[in-house]
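Trainee: Got a predicted structure plus its sequence, pasted below:
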Amino acid sequence: MANHKSAEKRARQTIVKTERNRFYKTRIKNLTKAVIAAVDAKDKDAATNAFKSANKNIHSYVSKGVINKNTAARKVGRLARLLNSLNSAA
């Protein structure tokens, strides 16, 4: 356990940030699953809307410092490729 005041504060801040980041990372997983489910169902409109939402949210989490810029680009790129495969198949 922390032995001085600044270490105690740092421990408290770590707990808060860990909970916040866990929420955002779970949200990213759910947004990704929504896009994948819509593509699997071959629902073009739902997939497009889910992708737009995922893209917007994932990039906003970069500015919050939850994930790295390149990680966000990779995740969005994979979703875009999945969405394009649905468009090209139709």
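Mentor: Done, it's in.
Trainee: any idea how far residue 83 is from residue 12?
Mentor: Plainly put, residue 83 is 42 Å away from residue 12 if you go by C-beta to C-beta, to the nearest Å. In short, each C-beta sits where N, CA and C put it, glycine included.
Trainee: These two: which has the busier surroundings?
Mentor: residue 83 (22 against 11; other C-beta atoms under 10 Å).
Trainee: Just give me the neighbour total for the spatially closest residue to residue 87 that is not a sequence neighbour.
Mentor: The shortest distance from residue 87 to any non-neighbouring residue, by C-beta to C-beta, 6 or more residues apart in numbering, is to residue 44 (7.1 Å). Residue 44 has 14 neighbours, counted by other C-beta under 10 Å.
Trainee: Correct me if wrong: residue 44 contacts residue 88.
Mentor: No. The criterion here is C-beta atoms under 8 Å, and residue 44 misses it with residue 88 at 11.5 Å.
Trainee: From residue 17, how far off is residue 7?
Mentor: Residue 7 is 15 Å from residue 17, by C-beta to C-beta.
Trainee: try residue 28
Mentor: 16 Å.
Trainee: now do residue 61
Mentor: Relative to residue 17, and taking C-beta to C-beta, residue 61 is found at 13 Å.
Trainee: okay, these two: which has more neighbours?
Mentor: Neighbours were counted for residue 61 and for residue 17 using other C-beta under 10 Å; residue 61 has more, 17 against 12.
Trainee: Point me to the helix or strand that includes that one.
Mentor: Assigned by DSSP states H and E, residue 61 falls within helix 44-63.
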